[in-house]
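# Model the structure of this input:
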Amino acid sequence: MRFPMMLSAPRPSLSGKPSRLCLALLVGLTLVALGQRLGSSNFMLPHDRDPDSHLVTSQLAVFRDAPFFIQGDLFNRKGLFLSSIYPHLLGRVAHLVDQVVPHKLPDPNAALDVHLKSPAHDERLLRRVVAILSAAVVPGTFAMALHFVPPWWALFAAGLSTFSLLGLVLGSMARPHAPAAALVSLTLAAALYLRRENSTRAFALAGLACALAVGSLHNALAVVLAVLAAVLLRDAPARRFTDMRVLLPVGFFGLSLVAFWPFLILGSEMVDPHAVKPAAGALRIGHEQVLLSEFDGSGVRAVLATLRSFEPITALLAFAAAAVWTWRLVRRKHLKTEVKSAAVLASYALPYGAVIMAFNQTSQRFVLPLVPVLCCLAAWGLRELSLGRRIYRNATLALATCALVVPAVAGCRWAWLRSQPDSLTKVAQWFQANTERARTRIGLHCTFDLPLARTESGLFLADGQRRYDIYSHWGKYQQQLFRAVPKWPGERWSLFAVHGPKELKTLSSDAEREAYYDSWALEYIVMPTAGGAALHPALQGAHSFVASRADLVQRFPQRIDGAELLGSSGEDSSNFLRFALTTDCLGPAVELYRFRQHSGPTSFQGLEAKRPDK
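Numbering: from 1, shown residues only. All right, here's what the predicted structure looks like:
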């Protein structure tokens with residue numbers, strides 16, 4: 001597919017197609033983006049998981065047991081409906097890969113390192129699929145930019161997209177937002193191609209790209225507006241409304257809904273007679289609903305905070321370029337880009353941006369689809385600046401270098417840290433080097449787990465029932481493994497989950513906290529730092545009590561920047577760019593304490609009897 005360099009009457013400097021060197025560098029940038037994402041696919045597995053990743057792994061579980069969406073019994077159809085928070089493209093692609101390279105369960109008597117790889121297979125698979133799909137944003141941005149700037153400036157836009165910190169963070173997680181953003185960029189490029197080319201191939205490409213984008217995530221529906229604008233603005237006035245080729249994108253769109261949105265066909269009443277009916281003034285998609293009252297304009301702060309934290313340089317360049325372009329349009333000065341092509345991009349970016357800025361539940365991931373558009377704007381603005389006097393050309397070189405180098409260094413460092421031991425793995429390594437395994441009683445905050453094997457008392461209650469306070473893949477896997485191989489030959493550690501929701505509600509005084517910790521007879525405890533504990537008043541009280549009764553042994557990471565939240569990759573930092581350049585490890589900010597004196601019962605039965613929730 002050949003994307004034209006310029007959609008208006010081009011000046012000589014804009015004519016021609018990308019050189020082989022330019023295309024080779026584009027391939028190199030794409031491989032860099034792919035390598036950054038794939039290199040950290042094992043991060044914090046299996047003792048932690050990405051946010052919302054279970055919504056896609058649940059799709060995988062259903063797909064393994066159910067025929068394609070409309071067949072099968074009621075249970076399978078209900079399972080497909082209940083996995084409908086996200087459309088099914090990512091789950092379907094991962095399922096196909098899983099069938100080609102099936103996962104084999106390890107020998108129950110295998111070593112710990114072998115078992116650590118098994119429970120997180122689905123999440124690791126999804127991360128790798130997301131990495132591959134999301135890397136397509138680099139050629140997608142390049143193809144978009146080619147409609148407004150010469151090839152080398154389009155390569156600069158692709159470079160900005162390659163080193164986008166927001167794209168890197170979400171492209172490393174088992175979530176569909178980064179693949180959706182990449183498919184949206186390809187759809188926008190195909191829509192621009194359709195507006196210029198007006199061929200059957202252009203219709204088919206735009207329809208196919210749009211169908212894949214819509215099948216990946218709900219918010220990708222907005223890209224339909226760009227395809228519609230391309231159809232209306234294309235250079236074919238005589239057949240603009242009667243061209244039967246319009247049925248190609250319409251057909252692809254319909255197939256996408258059938259294949260990847262089955263919950264629209266099944267309906268909540270069909271699969272779940274007890275489904276909650278939509279509230280008044282609510283928009284329902286699957287079993288999710290959005291209240292119209294939530295669109296109160298407060299999402300502006302979240303959008304601006306995200307751009308300031310992840311994409312400060314690109315956002316500033318893009319906003320400046322947009323201001324210049326708008327000023328020229330209002331003053332009716334000569335524009336070096338075609339207004340119709342810009343209108344195609346604006347038909348997507350402006351409505352989508354307005355919606356997420358109005359929505360009071362907007363978060364960082366909602367901003368990602370706009371990043372390729374910002375990269376194109378930034379490239380256009382710098383290119384215009386380079387056409388001026390020498391001082392402007394020097395300023396262009398400095399700004400372009402800064403815009404690429406700063407996020408590239410931060411992104412490469414963050415990707416390298418993701419391939420290193422996380423904070424909880426470092427805690428586990430410290431215990432392995434400094435304590436006796438089964439004899440050392442260790443308490444873990446309920447949301448934490450360590451890549452160590454637990455003893456029987458850490459997995460089951462005294463009556464043999466599974467402990468309710470184990471949430472991680474790794475902990476649940478161990479419960480199954482211990483039943484299958486009770487005499488597993490590897491090392492086991494006395495790890496216990498403390499600070500569960502029930503306990504935190506009952507610990508309101510130091511006397512109650514002292515009795516609670518004495519009942520566990522803990523020697524060490526791993527808990528969030530003071531900043532993380534401050535998010536929960538009851539946990540803050542527990543942290544203060546532990547800090548007064550125990551000695552701080554280690555803190556990971558050792559340098560903590562800004563708000564200490566419970567996120568694992570620094571995405572909650574108020575300044576992610578600075579965080580990526582300064583932190584010494586990733587993972588939740590944790591502290592390891594050793595109690596100065598620990599007393600209480602020494603038998604498991606005695607501990608269970610004294611537990612406050614027993």
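# Would you map the helices across the stretch 51-200 of the chain?
Counting by DSSP state H, counting those that start in this stretch, the segments of the stretch 51-200 of the chain that form helices are 54-65, 74-82, 89-100, 112-117, 121-134, 137-145, 151-162, 165-171, 177-197, 200-214.
# Now render these as CSV, adding distance to Ala542 and mean pLDDT.
The C-beta positions use only the backbone N, C-alpha and C, and glycine is treated the same way. What follows is the helices of the stretch 51-200 of the chain, written out as CSV (distance: least, CB to CB, whole Å; pLDDT from 0 to 100):
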stretch, distance to Ala542, mean pLDDT
helix 54-65, 27, 83
helix 74-82, 35, 60
helix 89-100, 38, 90
helix 112-117, 29, 85
helix 121-134, 30, 94
helix 137-145, 43, 96
helix 151-162, 44, 96
helix 165-171, 30, 95
helix 177-197, 34, 95
helix 200-214, 46, 95
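# Throw those helices into a markdown table and include distance to Ser386 and mean neighbour count, thanks.
Supplementary listing: the helices of the stretch 51-200 of the chain in a markdown table, determined by distance: least, CB to CB, whole Å; neighbours: other CB atoms under 10 Å:
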| stretch | distance to Ser386 | mean neighbour count |
| --- | --- | --- |
| helix 54-65 | 43 | 19 |
| helix 74-82 | 53 | 18 |
| helix 89-100 | 40 | 18 |
| helix 112-117 | 50 | 15 |
| helix 121-134 | 30 | 23 |
| helix 137-145 | 15 | 29 |
| helix 151-162 | 8 | 26 |
| helix 165-171 | 25 | 27 |
| helix 177-197 | 23 | 29 |
| helix 200-214 | 31 | 23 |
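# Ok, which of those comes nearest Phe263?
When these are ranked by proximity to Phe263, the top entry is helix 74-82, at 4.8 Å, counting by CB to CB.
# For stretch 48-68, what is the distance to the chain centroid?
Remark: stretch 48-68 is offset 15 Å from the chain centroid, using CA atoms, centre = their mean, to the nearest Å.
# do stretch 472-487 as well
A distance of 29 Å separates the C-alpha centroid of stretch 472-487 from that of its chain, computed with CA atoms, centre = their mean.
# What lies in contact with that stretch?
Around stretch 472-487, the neighbours that count as contacts under CB atoms under 8 Å, 6 or more residues apart in numbering are 45-49, 108-109, 115-116, 118-120, 123, 449, 451, 453-454, 456, 459-460, 466-467, 470, 488.
# picking that back up, mind checking the helices of the stretch 51-200 of the chain for the one nearest to Asp422?
Asp422 sits nearest to helix 112-117 of all those, at 13.1 Å, using CB to CB.
# Just the residues contacting the closest one, thanks.
Under the criterion CB under 8 Å, 6+ apart, residues 45-46, 106-107, 124, 451-453, 474, 477, 481, 490-491 lie in contact with helix 112-117.
# could you flag which of those are buried?
With neighbours counted using 16 or more other CB atoms under 10 Å, those contain these buried positions: Leu45, Pro46, Arg124, Pro451, Leu452, Ala453, Trp474, Tyr477, Leu481, Gly490.
# which of those residues sit farthest apart?
Using CB to CB, the pair of those lying farthest apart is Arg124 and Gly490, separated by 21.3 Å.
# count of neighbours near Asn394?
Applying the criterion other CB atoms under 10 Å, we find 11 residues in the vicinity of Asn394.
# That one in helix, strand or coil?
helix (DSSP: H, G, I helix; E, B strand; the rest coil).
# mind listing what Ala415 touches?
Gln36, Arg37, Gly39, Ser40, Leu168, Ser172.
# Buried ones only from those residues, please, as a PyMOL command.
This is how PyMOL selects the buried members of the contacts of Ala415, with burial counted by 16+ other CB under 10 Å:
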select buried, resi 36+37+40+168+172
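# Send over the helix or strand Ala343 falls within as CSV, restricted to the C-alpha atoms.
Under the criterion DSSP states H and E, the helix or strand holding Ala343 is helix 339-358. The C-alpha atoms that make up helix 339-358 are tabulated as CSV, following Å, rounded to 0.1, in the frame of the first residue of the first chain:
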residue,chain,number,x,y,z
VAL,A,339,-7.9,21.1,5.2
LYS,A,340,-9.9,18.0,4.2
SER,A,341,-7.2,15.6,5.5
ALA,A,342,-6.9,17.5,8.7
ALA,A,343,-10.7,17.4,9.0
VAL,A,344,-10.6,13.6,8.8
LEU,A,345,-8.2,13.5,11.9
ALA,A,346,-10.2,16.1,13.6
SER,A,347,-13.5,14.2,13.1
TYR,A,348,-12.0,11.6,15.4
ALA,A,349,-9.7,13.5,17.8
LEU,A,350,-12.0,16.4,18.7
PRO,A,351,-15.2,14.4,19.6
TYR,A,352,-13.2,11.7,21.4
GLY,A,353,-11.1,14.2,23.3
ALA,A,354,-14.2,16.2,24.2
VAL,A,355,-15.9,13.0,25.6
ILE,A,356,-13.0,11.9,27.7
MET,A,357,-12.5,15.4,29.1
ALA,A,358,-16.2,15.5,30.0
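# can you give me the offset of that helix from its chain's centre?
23 Å.
# Next: stretch 24-40.
Stretch 24-40 sits 18 Å away from the centroid of its parent chain (CA atoms, centre = their mean).
# list the buried ones in it?
Applying a neighbour-count criterion of 16+ other CB under 10 Å, the buried positions in stretch 24-40 are Leu25, Leu26, Leu29, Thr30, Val32, Ala33, Leu34, Gln36, Arg37, Leu38, Ser40.
# Does Gln289 belong to a helix, a strand or coil?
Secondary structure state of Gln289, per three-state DSSP, is strand.
# On the pLDDT front, check the residue nearest to it when sequence neighbours are not counted for me.
Residue nearest to Gln289 in three dimensions, not counting chain neighbours: Ala282, with 4.5 Å by CB to CB, 6 or more residues apart in numbering. Turning to Ala282, the model gives it a pLDDT of 71.
# Could you report the neighbour count for Ala282?
When neighbours are counted by other CB under 10 Å, Ala282 comes out with 14.
# mind listing what it touches?
Residues touching Ala282, when contacts are defined by CB under 8 Å, 6+ apart, comprise Gln289, Val290, Leu291, Leu292.
# Can you go through the residues you listed and name the buried ones?
Neighbour-count burial (16+ other CB under 10 Å) is assigned, among those, to Val290.
# which residue ranges form the strands in the stretch 251-400 of the chain?
Taking DSSP state E, counting those that start in this stretch to define them, one finds strands in the stretch 251-400 of the chain at 282-285, 288-291.
# Same list (those) but as TSV, adding distance to Trp416.
Output for the strands of the stretch 251-400 of the chain, formatted as TSV (distance: least, CB to CB, whole Å):
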stretch	distance to Trp416
strand 282-285	38
strand 288-291	36
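# quick one, which of those is nearest to Ala189?
strand 282-285 (26.7 Å).
# Could you verify my assumption that Leu233 touches Lys340?
Yes - the pair Leu233 and Lys340 passes the contact test of CB atoms under 8 Å, sitting 4.6 Å apart.
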